[in-house]
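# Build me a structure from this.
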Amino acid sequence: MPINLKNTSPLLLLAWIMALFATLASIYFIEIVGNTAAPLCWFERMLIFSVLLTLSVGIVRNDRNVRYYALPAVILGSLSASYQQLVHWGIFSSGSGTCSTSFVCSTKFFEVFGFVTQATLCLTAFIVVAVCLFRLRERSA
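Reported below is the predicted structural model:
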């Protein structure tokens, strides 16, 4: 089945590209850099991987209703990444059940410009995908 991108919404393609970038970045940090991940991080990774797969199927099938299938994972991922971002900022304690004792969610693997961390990138990816899917909904309504 050939993929016809002419009929695919640019917003859906942007959401797919962002999910692909987040997936590849996650794989890079785990497999190549060797960062250990807390359970919360694994949860976020599972969500972004599932969003990528869901959007891929939606693009291949040219299904504009893919937003309904992807949005629940995107919303859960946004909430989880928001919590992790608040932990990085010190607003919440990292001693919760979502973080292991050997690795805490407040650990920053990198920090750029004094505020961009892995949590910031994860949250940004989920927000961009969410905005694209919500805008896709508005255009098709």
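
# going forward, measure contacts between C-alpha atoms and count neighbours the same way
Noted.

# Can you list the low-confidence ranges for this structure?
Residue ranges of the chain with pLDDT under 70: 1-3, 35-38, 92-117, 137-141.

# ok, now with 90
Where the chain drops to pLDDT under 90, the residues are 1-10, 25-46, 61-65, 67, 80-123, 135-141.

# Helices along that one, start to end?
Counting by DSSP state H, the chain has helices at residues 10-27, 39-61, 66-88, 118-140.

# Report the angle between the third one and helix 39-61.
Helix 66-88 and helix 39-61 meet at an angle of 160 degrees, taking axes from the mean of the first three to the mean of the last three Cα atoms, to 10 degrees as the criterion.

# And helix 66-88, what does it pack against?
Judged by 3 or more Cα pairs under 8 Å, 6 or more residues apart in numbering; DSSP states H and E, the packing partners of helix 66-88 are helix 39-61, helix 118-140.

# Present the ones you listed as TSV; the columns should include distance to residue 77 and mean neighbour count.
Below are the helices and strands packed on helix 66-88 laid out as TSV (distance: least, Cα to Cα, whole Å; neighbours: other Cα atoms under 10 Å):
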stretch	distance to residue 77	mean neighbour count
helix 39-61	6	19
helix 118-140	6	19
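
# Reformat those into JSON lines and put distance to residue 84 next to each item.
Converted to JSON lines, the helices and strands packed on helix 66-88 look like this (distance: least, Cα to Cα, whole Å):
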{"stretch": "helix 39-61", "distance to residue 84": "8"}
{"stretch": "helix 118-140", "distance to residue 84": "6"}
